[in-house]
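*Asks:* Next comes the sequence, and after it the predicted model I'd like to discuss.
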Amino acid sequence: AQKITQTQPGMFVQEKEAVTLDCTYDTSDQSYGLFWYKQPSSGEMIFLIYQGSYDEQNATEGRYSLNFQKARKSANLVISASQLGDSAMYFCAMREGSNFGNEKLTFGTGTRLTIIP
Amino acid sequence: DSGVTQTPKHLITATGQRVTLRCSPRSGDLSVYWYQQSLDQGLQFLIQYYNGEERAKGNILERFSAQQFPDLHSELNLSSLELGDSALYFCASSSRFEGTYNEQFFGPGTRLTVL
């Protein structure tokens, strides 16, 4: 079974609009972390935002926010006021277990976001 | 710039050959991770080292091996290369201080092409 599911292979959004990228996850651990990374066409992986399973507030980082719905096991990324530079692949990832155990990240298949001027 | 360096940036080689990919983590980071990104498999975790010791293993082939040296740089060795090994190989590093969430900082990657 997929541990991280990103159901939107591609999205087109008008510049300055908000966009939500979907991510659902599957884990039996009580302690886990959810990450979003951005991969521009140049190839590097850029960390955007993190949500811990015990965090009561949704994470925010500038124009990025994470809509965390624990009961639904979803961790959607919201980008407000999209810009042309937001065009990239976006990956949702999960780290299961405690911080000091197995720290590998499991990635989803990604969503290619294209911002239209 | 994440502070993680990887060399070489591009590598083109032939089937059956052996290559070594090098990674230098961010200053102070003790954990190094290797990931493979390919069109058919996506982004997959290969292996993790912490302060010179292997910490976790993922879908790493027996033809692949890695190590982390006392200066904390790491090398990923790929041998008996096959066409399917063509991929972007990322190294990432993180600190392991209590209270942080161990964000992994990724290097720019090494693009391996096997002909």
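*Replies:* Everything's here; your move. These numbers come from a predicted model, not from an experiment.
*Asks:* Hmm, B:Gly16 is touching B:Ser80, no?
*Replies:* Yes. Counting by CB atoms under 8 Å, B:Ser80 is a contact partner of B:Gly16 at 6.1 Å. C-betas here are computed from N, CA, C, even on glycine.
*Asks:* if you count what's nearby, which of those two comes out ahead?
*Replies:* B:Ser80 (13 against 10; other CB atoms under 10 Å in any protein chain shown).
*Asks:* Does the more buried one touch B:Arg63 like I think?
*Replies:* Yes. With contact defined as CB under 8 Å, B:Ser80 counts as touching B:Arg63 (5.0 Å).
*Asks:* So which residues of the chain form strands?
*Replies:* Since you didn't name a chain, this refers to chain A. Secondary structure of chain A by DSSP state E: the strands cover A:4-5, A:10-14, A:19-21, A:24-25, A:32-39, A:46-52, A:60-61, A:64-69, A:74-79, A:88-96, A:106-107, A:111-116.
*Asks:* Let me rephrase: I mean chain B.
*Replies:* For chain B, the strands defined by DSSP E cover B:5-7, B:10-13, B:19-24, B:31-38, B:42-50, B:53-57, B:64-68, B:74-78, B:87-94, B:105-106, B:110-114.
*Asks:* for those strands, which one sits closest to A:Ile49?
*Replies:* Closest of the strands of chain B to A:Ile49 is strand B:105-106, at 14.3 Å (criterion: CB to CB).
*Asks:* B:Gly16: what's it in contact with?
*Replies:* If you count contacts by CB atoms under 8 Å, 6 or more residues apart in numbering or on different chains, B:Gly16 has them with B:80-81.
*Asks:* Need phi/psi at it.
*Replies:* Backbone torsions of B:Gly16, given as degrees, to the nearest 10, read phi 90, psi -10.
*Asks:* pLDDT weak spots in chain A?
*Replies:* Where chain A drops to pLDDT under 70, the residues are A:1-2, A:97-102.
*Asks:* Show me what from it comes close to chain B.
*Replies:* A:33, A:35, A:37, A:43-47, A:50, A:52, A:91, A:93, A:95, A:99-100, A:102-110 (CB under 8 Å from any CB of the partner chain).
*Asks:* Let's see that with 6 Å instead.
*Replies:* By the rule CB under 6 Å from any CB of the partner chain, the part of chain A lying against chain B is A:33, A:43-45, A:47, A:50, A:99, A:102-104, A:107, A:109.
*Asks:* Would you mind checking which helix or strand in chain B has the lowest mean pLDDT?
*Replies:* strand B:53-57 (a mean of 89; mean pLDDT, DSSP states H and E).
*Asks:* Could I get the buried residue list for stretch A:106-113?
*Replies:* Buried residues in stretch A:106-113, counted by 16 or more other CB atoms under 10 Å in any protein chain shown: A:106-111, A:113.
*Asks:* Give me the contact status of the least confident helix or strand of chain B with chain A.
*Replies:* Yes. Judged by CB under 6 Å from any CB, strand B:53-57 comes into contact with chain A at B:Ala56.
*Asks:* I'd like to know which of the residues of chain A next to chain B are buried.
*Replies:* For those, buried by 16+ other CB under 10 Å: A:33, A:44-45, A:47, A:50, A:99, A:103-104, A:107, A:109.
*Asks:* State the number of residues packed around A:Met11.
*Replies:* Count around A:Met11 with other CB under 10 Å applied: 15.
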